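**Student:** pasted the sequence and its predicted model underneath.
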Amino acid sequence: MEAPAAEASVIQPPDVERRIKWASFLIVAGLLIQLGSLLVIHPLAFVAFLCVGCPLIAAGIVLYLVSLVTAAKP
Amino acid sequence: MPASVILVFCFGAMLIALFIGFRSRLTRSREGKMLAFIALFALPIMAAWAGFSEHMERAESTKFCLSCHVMDGFGKSLYIDDPSYIPAAHFQNNRIPRDQACYTCHTNYTMFGTVTAKMHGLRHLWVQYVGTVPKPEAIKLYDSYNNRECLHCHLGARDFEGGTTHNKTADRLSLVKSNKLSCISSGCHEFVHDVASLKDATFWKEKP
């Protein structure tokens, strides 16, 4: 009997994919703000990075981790 | 790390995250899961940390400090054409790095000096954008200026240790070194940022 290949696709619930999609968009938005803030030397750029960019990136990472945890549930 | 490298790194991390966002079905395979972990966890954390570090470094620049309108006078005072003005003499003669002029003298050279300076900076941001901005003449130091900040560079220097004024009395040098006799408020080097009298001052024009 042939063992299933290690790289075989696993069926995932669409919720997980939707969360991953949202997580990636949040992270992209946060990184965009970070990129913009790095183009100018001004206190407001730092505020934008710290108060908007970082929370968006953090929210994206948390959402991704949540999607991992929920996907692992039977 | 140069800012250009951080920009390229952030841009790359963004593209990979975007790719995963539009191709979320890829995460059904093991390779896709690994790519998603890199794109949505490892790279964003690294990019955010690099960005934070770059912003912290930029916060030490003279341009950053002088970008608030209330600091205009303090920036101008660096160009006063009078060698008795301590900040101007230090700035114009490159005794301090010009691109970090404010930070060099206004950070405490102690274990948590940088952290304290950054926390003060955050408070300044709050006052600038949310609070009531004081008049430049009303801006004072948090604590009296500690000689330690001067001695960070001048201690052991020939003109400091052997200067006739500094050795006028036997104990003067030891009093200065122990911060019992202030460098700037004991009538010796008292001309610092005198922003109230800038109208009457003449300014040094740097040759291009």
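**Tutor:** In hand now; what should we look at? Small disclaimer: the values here were computed from a predicted structure and weren't measured. Residues are numbered from 1 along each chain as shown, chains lettered A, B, ... in the order given.
**Student:** on the three-state scheme, B:Gly12 is what?
**Tutor:** helix (DSSP: H, G, I helix; E, B strand; the rest coil).
**Student:** can you list the low-confidence ranges for chain A?
**Tutor:** A:1-13, A:72-74 (pLDDT under 70).
**Student:** tell me which residue in it sits closest to chain B.
**Tutor:** A:Ser24 (3.2 Å; Cβ to the nearest Cβ). The C-beta positions use only the backbone N, C-alpha and C, and glycine is treated the same way.
**Student:** okay, and that residue sits in which element?
**Tutor:** Taking DSSP states H and E as the definition, one finds A:Ser24 inside helix A:14-38.
**Student:** quick one: the helices in chain B, in order.
**Tutor:** Using DSSP state H, the helices assigned to chain B run over residues B:3-22, B:30-37, B:43-58, B:62-65, B:72-76, B:86-92, B:101-105, B:113-129, B:147-154, B:158-161, B:172-177.
**Student:** export the ones you listed as TSV, with columns for mean neighbour count.
**Tutor:** Below are the helices of chain B laid out as TSV (neighbours: other Cβ atoms under 10 Å in any protein chain shown):
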stretch	mean neighbour count
helix B:3-22	18
helix B:30-37	16
helix B:43-58	19
helix B:62-65	19
helix B:72-76	17
helix B:86-92	20
helix B:101-105	20
helix B:113-129	15
helix B:147-154	17
helix B:158-161	11
helix B:172-177	16
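**Student:** these: lowest mean pLDDT?
**Tutor:** Mean pLDDT values for the helices of chain B show the minimum at helix B:113-129, a mean of 87.
**Student:** give me the contact list for it.
**Tutor:** A:43-44, A:46-47, B:56, B:59, B:68, B:70, B:103, B:106-108, B:110, B:133-134, B:142 (Cβ atoms under 8 Å, 6 or more residues apart in numbering or on different chains).
**Student:** most neighbours, which of those?
**Tutor:** A:Phe46 (22 neighbours; other Cβ atoms under 10 Å in any protein chain shown).
**Student:** what's around B:Thr164, how many residues?
**Tutor:** Residues near B:Thr164, counting by other Cβ under 10 Å, number 6.
**Student:** how near is it to chain A?
**Tutor:** 43 Å (Cβ to the nearest Cβ, to the nearest Å).
**Student:** again, but for B:Asn179
**Tutor:** Counting by Cβ to the nearest Cβ, the gap from B:Asn179 to chain A is 32 Å.
**Student:** how about that residue, phi and psi?
**Tutor:** phi 70, psi 20 (degrees, to the nearest 10).
**Student:** quick check, the residue in chain B closest to chain A?
**Tutor:** B:Gly21 (3.2 Å).
**Student:** so who does that residue touch?
**Tutor:** A:Ile20, A:Lys21, A:Ala23, A:Ser24, A:Phe25, A:Val28.
**Student:** ok, B:Glu54 next?
**Tutor:** A:Leu38, B:Met1, B:Ala3, B:Ile6.
**Student:** you'd agree the first one is up against B:Gly51?
**Tutor:** Think A:Leu38. Yes. A:Leu38 is within contact range of B:Gly51, at 6.3 Å (criterion: Cβ atoms under 8 Å).
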